[in-house]
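K.L.:
sharing a sequence plus its predicted fold:
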Amino acid sequence: MRVIVVGGGVVGTMHAWQAVERGHEVVQIEREAEARGASLRNFGQIWVSGRAGGEELDTALRARELWERIGAEVPGLGFRAIGSLTPVRNAREYAVAEAAAARPDAAARGYELVTAAQAREINPALRGTFEAALWCERDAAVEPRTAQLHLREALKASGRYTFLPGREVREVVGNGAVRDDHGDVHRGDAVVLATGAWLSGMVRELVPDLPVRRVRLQMMQTAPLGEELTTSIADADSFRYYPAYKSEALDALNAGQAQAPVAAAHKMQLLMVQRQDGGLTIGDTHEYEHPFAFDTLEDPYEYLTEVVESFLGRPLPKIRHRWAGVYAQCTDTTRVVHRQQVADGVWLVTGPGGRGMTCSPAIAETTANELGW
């Protein structure tokens, strides 16, 4: 079988991985010289802890297994089974963490409510003030800025993979066939359009009423911390954002403890992961209304710096990079991804939202199974 994958981000690359792994020939087409979207501009978190139950959690847990397996085959991914800690500072936040740890699926997620002393044993870099923490053993991390590069190198070694950068696919021209902006037609037994947040042009023509929206976020990265951050870190605002934490305790938190004004204005939570070079990736904000602002605003960065310093009990290293990014999210946020046949032999796979990095291996595996690869 010959598979054409359109899009060089992590969702597209994982579809290429699934096809090659199953013995097929793959041509992957990317409109940029390298992927430039959300696949690079994220935390690199394999984030199981906050996922909704049912299909979403099942997908995340399966993806976590696949990431670990692929990471063993491709060491350059930087796969690390580091887990996560969410420190809590008062009784309301503690109650949400306690309710999460009592969920029927808590063991599958690796939840455990730990004391502040236990949290510092797990992550000695946490020298700040907090009362307890929710530990999630199943969370992990990879290196987002280099993951696709290393995956492609491994795919090339198969002898059945071709990467074509700098080509924008403009139209579907037949059963399993697309034409790029060089005028070349690429034919396969199946075409997967994994175009990420690029939802205009050909995608709009194929699906005018696509139930997917774009979301903008801001993030930053520091100079090396100078010590190991042994887990990823979230704050209690993540309880408000992720569906796994829904409970009466969360209702009480939302009713009785408002977010800080900056956090509320920018729909913020803290997520933080250490990169292999020692720097910290920190974010994030959420902007849903179009047109998006083109500025990166300083107030969110200043707020996140204060939150991180309060957990670490020390000044944050110098900020070296600030950036904004856009990802595609199903308007029905309970859906893991939008997967639709849009023409004979052509499928569109988009809209995983903030789950893209986490769930991409399992999303691609499901596509491969459904298409009978």
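P.N.:
All right, it came through fine. Numbering: from 1, shown residues only.

K.L.:
dump the residue contacts of Arg80.
P.N.:
Taking CB atoms under 8 Å, 6 or more residues apart in numbering, we find Arg80 in contact with 140-142. In this view, the C-beta of every residue, glycine as well, is placed from N, C-alpha and C.

K.L.:
any chance of JSON lines for the residues you listed, columns pLDDT, secondary structure and distance to Gly351?
P.N.:
JSON lines is the format used below for the contacts of Arg80 (pLDDT from 0 to 100; DSSP: H, G, I helix; E, B strand; the rest coil; distance: CB to CB, whole Å):
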{"residue": "Ala140", "pLDDT": "98", "secondary structure": "strand", "distance to Gly351": "23"}
{"residue": "Ala141", "pLDDT": "97", "secondary structure": "strand", "distance to Gly351": "23"}
{"residue": "Val142", "pLDDT": "97", "secondary structure": "coil", "distance to Gly351": "21"}
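
K.L.:
just put those residues in JSON lines and tack on neighbour count.
P.N.:
Shown next, in JSON lines, are the contacts of Arg80 (neighbours: other CB atoms under 10 Å):
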{"residue": "Ala140", "neighbour count": "24"}
{"residue": "Ala141", "neighbour count": "27"}
{"residue": "Val142", "neighbour count": "26"}
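
K.L.:
adding distance to Gln18, write these out as a markdown table.
P.N.:
Shown next, in a markdown table, are the contacts of Arg80 (distance: CB to CB, whole Å):
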| residue | distance to Gln18 |
| --- | --- |
| Ala140 | 20 |
| Ala141 | 22 |
| Val142 | 17 |
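
K.L.:
who's in contact with the longest helix belonging to the chain?
P.N.:
When the chain is parsed with DSSP state H, its longest helix is helix 55-73. Helix 55-73 is contacted by residues 17, 46-48, 51, 77-79, 81, 105, 108-109, 138, 140, 142, 151, 154, 243-244, 334, 336, 355, 358-363, 365-366 when judged by CB under 8 Å, 6+ apart.

K.L.:
filter those residues down to the buried ones, PyMOL style.
P.N.:
To isolate in PyMOL the members of these that are buried, counting by 16 or more other CB atoms under 10 Å, one can use:
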select buried, resi 17+46+47+48+51+77+78+79+109+138+140+142+151+154+244+336+355+358+359+360+361+362+363+365+366
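
K.L.:
return the subset of the contacts of helix 55-73 lying in strands.
P.N.:
46, 140 (DSSP state E).

K.L.:
let's see which of the contacts of helix 55-73 end up in helices.
P.N.:
The members of those that map onto helices under DSSP H are 17, 108-109, 151, 154, 358-363, 365-366.

K.L.:
name the nearest of the residues you listed relative to Gly226.
P.N.:
Thr358 (28.5 Å; CB to CB).
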